[in-house]
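Student: Just the structure for this:
(one chain, ligands or ions: 1)
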Amino acid sequence: MKVKTRFSPSPTGNLHVGGARTALYSWLFARRHGGQFVLRIEDTDLQRSHKNISDEIMDDMRWLHLDWDEGPYYQTKRLERYNAVIHQMLRDNSAYKCYCSKKRLDVVRKKQMATGQKPHYDGHCRERNEDNIKNTAYVVRFRNPDEGFVIFEDQIHGVIKFSNKELDDFIICRSDGLPTYNFCVVIDDLDMHITHVIRGADHINNTPRQINLLQALRAHIPTYAHVSMIFGSDGKKLSKRHGSIRVTQYKKEGYLPEALLNYLLRLGWSHGDQEIFSMNEMQTLFTLEAISKSPSTMNLKKLQWLNQKYINSLPPTYIAKNLQWHMEQANINIINGPCLEDLVTLFGKRCHTLKEIADTARFFYEEFNDYDLEAAKKYFFENLDVTRRLLRVVYTNLASIINWTLPEVRVAIHSSANDQLGGIRSLAMPLRVAITGSLQSPALDATIYTVGQQRSLTRINKALLYIQQHDY
Ligand code: GLU
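Tutor: Model prediction:
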């Protein structure tokens with residue numbers, strides 16, 4: 001049988017790391033087996049579902065390179081099909097109408113709780129034959145088996161067993177005529193020929209209900225794999241604070257989709273102690289058996305580490321393309337400075353994110369009006385006379401370069417240092433502040449070379465003027 005998996009988000013909230021990891025695992029499993037990956041939008045909760053969120057989820061999946069072969073299917077467009085099955089089930093008695101009022105259900109529940117029972121539907125309407133009691137609203141309930149067990153082998157957690165006594169006759173169609181989650185999922189998985197259901201562990205309790213429904217419909221039961229939870233680094237359930245944020249927030253923060261995917265892959269799955277996986281490797285090595293049973297913990301440091309690895313290993317033109325977006329976000333006009341590939345080479349070893357590169361690179365493209373005050377106080381004024389002398393010397397040496405190359409710049413800087421005046425250490429920091437405005441920059445010689453001759457000279461002059469006009 002051809003492998004077919006699906007990702008079926010509810011558009012009630014954006015795609016965050018948990019959902020993205022589930023989507024990745026489903027996608028990888030399909031790709032690994034030459035199968036198909038279906039996208040299904042579970043939007044029957046009309047109050048909480050939003051079309052713009054479905055669109056954003058798809059944008060985010062595209063950003064992560066998680067392409068789908070079928071869909072998007074929207075459950076709200078399949079209501080006719082669900083209703084047809086519900087009517088069929090009513091006819092063959094595998095479902096029944098329940099007219100119990102909320103008041104009655106409350107009384108039953110309170111009684112059950114008072115006698116130490118787990119609240120459940122007591123089957124009151126199971127054998128009622130009056131069809132369509134006039135003007136009384138009803139729901140449709142599934143006639144769950146009374147006896148026996150539902151046993152399935154979860155690909156991650158092993159054999160899971162539920163007693164049918166624990167599962168009451170759950171509602172498959174609400175009084176407003178809308179089918180419920182457990183019902184729609186089953187009909188969709190059946191109609192879409194899903195072979196492997198890979199989803200969050202929060203759905204384990206739904207699985208026996210869905211299996212019973214599938215059995216009542218004499219349908220094939222898919223294989224299930226429930227992926228464990230992700231916790232924040234403090235061991236608590238993920239919240240906005242931890243990263244339960246829309247995945248494109250990671251884009252905004254300067255992460256590459258490849259790094260995030262690699263991170264999500266390893267967050268709960270392993271292959272020996274290998275940390276870095278190309279997209280191709282992921283697709284050939286992924287197995288459900290190697291997914292961990294235990295919950296995973298977010299670790300931002302590791303994501304940063306991976307991102308830096310990817311910044312330095314993917315083709316510079318690709319990184320430059322991604323960096324361009326961040327330069328635009330930072331309102332930096334890249335016409336006025338070095339090409340972005342050069343920035344990637346310059347900053348790759350220092351920065352963990354593309355945003356960090358964009359934020360630090362502004363001085364290559366724009367003149368700055370102010371210096372980082374602390375840096376200026378320390379490196380311009382603490383050793384005022386020496387600084388002034390050294391800046392004048394380096395100005396002359398840089399000005400005399402005829403052929404502006406990195407080795408020439410390096411020589412000019414080093415020959416300006418004077419051992420009696422503290423050597424290169426007395427020159428480097430004041431020069432860095434003069435050229436960049438702050439203490440943050442890649443290697444000084446490469447920075448000056450990239451800033452260019454005329455601009456560097458102007459900035460040294462400007463620093464000398466500043467020193468003359470200020471007194472700290
Ligand atoms: N729509 C469900 C959710 O977003 C997923 C259901 C499923 O995968 O079966 O949690």
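Student: burial measure for the residue of the stretch 301-450 of the chain found nearest the ligand, as a count.
Tutor: At 23.5 Å from the ligand, Leu303 is the closest residue in the stretch 301-450 of the chain, using Cβ to the nearest ligand atom. All C-beta atoms are positioned from the backbone trio N, CA, C, and that covers glycine. When neighbours are counted by other Cβ atoms under 10 Å, Leu303 registers 24.
Student: Name the secondary structure element that contains it.
Tutor: Counting by DSSP states H and E, the element that carries Leu303 is helix 300-313.
Student: Toward the C-terminus from that helix, list the very next helix or strand.
Tutor: Next along the chain after helix 300-313, taking DSSP H and E as the criterion, comes helix 316-329.
Student: so how far is that next one off the chain centroid?
Tutor: Relative to its parent chain, helix 316-329 has a centroid offset of 19 Å by Cα atoms, centre = their mean, to the nearest Å.
Student: Could you check the pLDDT of Gly348?
Tutor: pLDDT, Gly348: 94.
Student: And for it, the neighbour number?
Tutor: When neighbours are counted by other Cβ under 10 Å, Gly348 registers 17.
Student: if I pick it, what's in contact with it?
Tutor: Applying Cβ atoms under 8 Å, 6 or more residues apart in numbering, we find Gly348 in contact with 308, 311-312.
Student: Remind me what the one helix or strand His414 maps to packs against, helices and strands.
Tutor: Assigned by DSSP H and E, His414 belongs to helix 406-416. Counting contacts by 3 or more Cβ pairs under 8 Å, 6 or more residues apart in numbering; DSSP states H and E, helix 406-416 packs against helix 384-399, helix 423-436, helix 444-451.
Student: could you redo the last one with a cut-off of 7 Å?
Tutor: helix 384-399, helix 444-451 (3 or more Cβ pairs under 7 Å, 6 or more residues apart in numbering; DSSP states H and E).
Student: Adding mean neighbour count, write the ones you listed out as TSV.
Tutor: As requested, the helices and strands packed on helix 406-416 are exported to TSV (neighbours: other Cβ atoms under 10 Å):
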stretch	mean neighbour count
helix 384-399	17
helix 444-451	21
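Student: Dump the ones you listed to JSON lines, plus distance to the ligand and mean pLDDT.
Tutor: Formatted as JSON lines, the helices and strands packed on helix 406-416 follow (distance: least, Cβ to the nearest ligand atom, whole Å; pLDDT from 0 to 100):
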{"stretch": "helix 384-399", "distance to the ligand": "60", "mean pLDDT": "96"}
{"stretch": "helix 444-451", "distance to the ligand": "48", "mean pLDDT": "97"}
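Student: Give me the buried positions along the helix holding His414.
Tutor: For helix 406-416, burial by neighbour count (16 or more other Cβ atoms under 10 Å) applies to 408-410, 412-413, 416.
Student: Then stretch 460-472?
Tutor: Neighbour-count burial for stretch 460-472, counted by 16+ other Cβ under 10 Å, picks out 460, 462-464, 467.
Student: all helices for the stretch 201-350 of the chain, in order.
Tutor: 207-216, 248-252, 257-266, 279-285, 300-313, 316-329, 340-347 (DSSP state H, counting those that start in this stretch).
Student: Equivalent analysis for the stretch 1-150 of the chain, please.
Tutor: Using DSSP H, counting those that start in this stretch, helices in the stretch 1-150 of the chain cover 17-32, 51-63, 79-91, 102-114.
Student: Show me the shaky parts of the stretch 1-150 of the chain.
Tutor: 129-134 (pLDDT under 70).
Student: Close to the ligand: what parts of it are there?
Tutor: By the rule Cβ under 6 Å from any ligand atom, the part of the stretch 1-150 of the chain lying against the ligand is 8-10, 42.
Student: quick one on the thing from earlier: so who does the residue of the stretch 301-450 of the chain closest to the ligand touch?
Tutor: Neighbouring residues of Leu303 by Cβ atoms under 7 Å, 6 or more residues apart in numbering: 255, 259, 263.
Student: Mind checking which of the buried residues of stretch 460-472 land in strands?
Tutor: Cross-referencing the buried residues of stretch 460-472 against strands under DSSP state E gives no overlap.
Student: Would you reformat the residues of the stretch 1-150 of the chain next to the ligand as CSV and include neighbour count?
Tutor: As requested, those are exported to CSV (neighbours: other Cβ under 10 Å):
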residue, neighbour count
Ser8, 24
Pro9, 24
Ser10, 18
Glu42, 20
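Student: Go through those residues and name the one nearest Glu289.
Tutor: Taking Cβ to Cβ as the measure, Glu289 lies nearest Ser8 of those, at 22.9 Å.
Student: ok, back up a step: can you tell me which of the contacts of Leu303 are buried?
Tutor: Buried among these by 16+ other Cβ under 10 Å: 255, 259, 263.
Student: follow-up on the earlier one: specify which member of the contacts of Leu303 is nearest to the ligand.
Tutor: Distance to the ligand, by Cβ to the nearest ligand atom, is smallest for Tyr263 among the contacts of Leu303, at 21.3 Å.
Student: I'd guessed Cys351 sits against Ile357; true?
Tutor: Yes: Cys351 lies in contact with Ile357 (Cβ atoms under 7 Å); the separation is 4.7 Å.
Student: before we move on, which element is the one residue in the stretch 151-300 of the chain that gets nearest to the ligand in?
Tutor: Distances between the stretch 151-300 of the chain and the ligand by Cβ to the nearest ligand atom are smallest at Arg199, namely 3.5 Å. Take DSSP H and E as the rule and Arg199 turns out to sit in strand 196-200.
Student: I'd like to know which elements that strand is packed against.
Tutor: Using 3+ Cβ pairs under 7 Å, 6+ apart, strand 196-200 sits against helix 17-32, strand 223-227.
Student: May I see the buried residues of that strand?
Tutor: Neighbour counts over strand 196-200 (16+ other Cβ under 10 Å) mark 196-199 as buried.
Student: pull the CA atoms of it into CSV?
Tutor: The C-alpha coordinates for strand 196-200 follow below in CSV (Å, rounded to 0.1, in the frame of the first residue of the first chain):
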residue,chain,number,x,y,z
HIS,A,196,-0.1,6.6,8.8
VAL,A,197,-1.5,9.1,11.3
ILE,A,198,1.4,11.0,12.8
ARG,A,199,0.2,13.6,15.3
GLY,A,200,0.7,15.1,18.7
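Student: Run the angle between it and strand 223-227 for me.
Tutor: Orientation check (axes from the mean of the first three to the mean of the last three Cα atoms, to 10 degrees): strand 196-200 against strand 223-227 gives 20 degrees.
Student: Can you tell me what sits against strand 196-200?
Tutor: If you take Cβ under 7 Å, 6+ apart as the criterion, strand 196-200 is touched by 3, 5, 18, 22, 25-26, 29, 189, 222-227.
Student: hmm, 10 Å instead?
Tutor: With Cβ atoms under 10 Å, 6 or more residues apart in numbering as the test, strand 196-200 has contacts from 3-8, 18-19, 21-30, 33, 35, 155-156, 185, 189, 203, 206-207, 210, 221-230, 288, 291.
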